[in-house]
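here is my input, please return the structure:
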Amino acid sequence: MLAESRTFTITTGSTIQGELVSINLDVVTIKRVDGPLVTVKASNFSAPDIAYLQAHGLKQAGVASPLAGAMKERPFVNSLGMKFVPVADTQVLFCTTLTRTRASPPKQAGRLLGSSGLAKSGMRTCFRFPP
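Below is the predicted model of the structure:
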């Protein structure tokens, strides 16, 4: 989606000279004239730049969704502490948090319970998934 080179203005007053590369939800990627890619939330741009971005496919400028602001450097974190980052040129977030594929063995689960009655009863304290 490389567009013509232009000067983008951030609400803080700083500027970015470059070409629009992609728009992913509320995150805009710009290729600066000196080469590096810059990723900025669309809500941080000036009003004329937001209008320009909307003309080039921005649909959710200024939406206060925690998912919309997810970036590789600042991932979305859900209530379980799992981190999600956007996939370039899509509206998909991938989880980057490592997860276990099965529960802890019964011996470890018993240790976690300490000397509780459940651990001493011989009752199975974990399950394998899939069964």
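
helices along the chain, start to end?
Along the chain, the stretches classed as helices by DSSP state H are 47-55, 106-113, 117-120.

in the first one, what counts as buried?
Judged by neighbour count using 16 or more other Cβ atoms under 10 Å, the buried positions of helix 47-55 are 49, 50, 52, 53. To be clear about C-beta, it is placed using only N, CA and C from the backbone, and glycine gets the same treatment.

including pLDDT and distance to residue 89, could those go into TSV?
Below are those laid out as TSV (pLDDT from 0 to 100; distance: Cβ to Cβ, whole Å):
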residue	pLDDT	distance to residue 89
49	90	20
50	88	20
52	89	19
53	88	15
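
show the average pLDDT along stretch 77-95.
Mean pLDDT, computed over stretch 77-95, is 82.

quick one: contacts of it?
22, 24-25, 27, 29, 67, 70-72, 75-76, 96-97, 99 (Cβ atoms under 8 Å, 6 or more residues apart in numbering).

buried ones in the longest strand that the chain contains?
Ranked by number of residues, the top strand in the chain under DSSP state E is strand 15-24. Under the neighbour-count criterion of 16+ other Cβ under 10 Å, strand 15-24 has 16, 18, 19, 20, 21, 22, 23, 24 buried.

specify which member of the contacts of stretch 77-95 is nearest to residue 59.
Comparing those against residue 59 with Cβ to Cβ places residue 25 closest, at 8.3 Å.

now do that closest one: how many residues are near it, please.
Other residues within reach of residue 25, judged by other Cβ atoms under 10 Å, total 20.

how near is it to residue 76?
Separation of residue 25 from residue 76 (Cβ to Cβ, to the nearest Å): 10 Å.

do the same with residue 9
Residue 9 is 27 Å from residue 76, by Cβ to Cβ.

thanks a lot, catch you later.
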